[in-house]
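Asks: Fold the following.
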Amino acid sequence: MKTILVPIDHTAAAEPTLAYANKLAVRWPAEVVLLYCHPESDGMAAAEKALDVQEQRLRGLVERLRYQQLTRQDGRRIQYRYRILSGCLHDYVQAEAARCAADLVVMGLEHIDCGKQAAPGNHAASITRLVTCPVLVVPPGRRALPARVVFAADFTALNTDILPRLSALEGAFPAPLDLVQFYSPAERPRRRQLKQALGKVGAQLTWLTTTPHLVEDDAPLEGVGEFCARQQAQLLIIAPNSETELLRYFDSCYTTTRAYHTQIPVLVLRAVERQPQVACCARCAERLEQEHTKALLPDYYAVHWA
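Replies: Sure thing, here's the model as predicted:
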């Protein structure tokens, strides 16, 4: 059973986030785990009462949205679990994602945590850093599931460990996938290398339809929005190499001007962190050391000399 973890608050942005998660849960299908973190109250009795009140509010929201934009039969099929905790979301989300074995986190672009409103995208970026599964950031407003998906990345430096996770999401987003690689005019001599990297990634994905695109643009972030607008994409997939790079997608200059890519859901893929191998004995330690040394040395026999 697939699992969607939905961190939620009681702001107006919570409704479109949960409505979008409901549609995904029906299509995939998946179970929805709702995670609500309430600011800590003074006294244990007051805290327990506050959590009970918030759980009832959350259950009321779920029952109200269960059948909105869905047929009654689909709404009944969705299974929900509730996690109501006292504290801040960023203190719990990592453990809760592991606890429910979340395949996907769906959260709003604008979210209040610890009673504070962060700048659009900042909170999502911090949550993405804490969990290992993909994070889907949903902007305010009602929207249908995507009929066109764009995956924008530097495919020459892409960690291919994320590709199986992306392939696993095809059932949730069964739409044509456009792979787009931006390059500057100075990188024209690398076009062949870029094209090969695009082809390699496309071959490893199990997506039904993938189309590679090489786009010359010296301002990739502006180019992403323009490309998504031309393709009429309803979902953008990105694989940033750092939290700073992720925050640039939601920079105030783009949210203020309502750039196209800030008006559609953004799926953030995080590279899988490799765990270091640990030797169980002296012989294994010697073997690992030899493998490490071999990896550092150039393999001259693999080079095709002219």
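Asks: Pull the contacting residues for residue 124.
Replies: With contact taken as CB atoms under 8 Å, 6 or more residues apart in numbering, residue 124 is in contact with 107, 109, 111, 135, 137, 250, 268. No exception for glycine: its C-beta is placed from N, CA and C like everyone else's.
Asks: Enumerate the positions of stretch 202-220 that are buried.
Replies: 202, 205, 207, 210, 212, 217, 220 (16 or more other CB atoms under 10 Å).
Asks: One more: stretch 235-250?
Replies: 235, 236, 237, 238, 239, 240, 246, 247, 248, 249, 250.
Asks: quick one: what helix or strand has residue 247 in it?
Replies: helix 243-249 (DSSP states H and E).
Asks: Same question for residue 12.
Replies: Using DSSP H and E, no helix or strand contains residue 12.
Asks: Number of residues surrounding it?
Replies: Counted with other CB atoms under 10 Å, residues neighbouring residue 12 total 10.
Asks: Distance of the nearest residue to it once chain neighbours are set aside relative to residue 30?
Replies: If the residues on either side of it in the chain are set aside, residue 12 comes closest to residue 140, at 7.3 Å by CB to CB, 6 or more residues apart in numbering. Distance from residue 140 to residue 30, counting by CB to CB, to the nearest Å: 23 Å.
Asks: Same drill for the two, tell me which one is more crowded.
Replies: residue 30 (21 against 17).
Asks: quick one: contacts for that one?
Replies: 1, 2, 3, 4, 24, 103, 104, 172 are the contacts of residue 30 under CB under 8 Å, 6+ apart.
Asks: Filter the residues you listed down to the buried ones.
Replies: 2, 3, 4, 24, 103, 104, 172.
Asks: Beta-bridge partners for the first one, please?
Replies: This means residue 2. residue 30 (DSSP bridges).
Asks: Just confirm residue 215 is within a helix.
Replies: No: counting by DSSP: H, G, I helix; E, B strand; the rest coil, one finds residue 215 to be strand, located in no helix.
Asks: Could you find the closest non-adjacent residue to it?
Replies: Leaving aside its sequence neighbours, residue 215 sits nearest to residue 182 (CB to CB, 6+ apart; 5.3 Å).
Asks: and the helix or strand encompassing the one you found, how far from the chain's centre?
Replies: Assigned by DSSP H and E, residue 182 belongs to strand 177-183. Taking CA atoms, centre = their mean, to the nearest Å, one finds the center of strand 177-183 at 18 Å from the center of the full chain.
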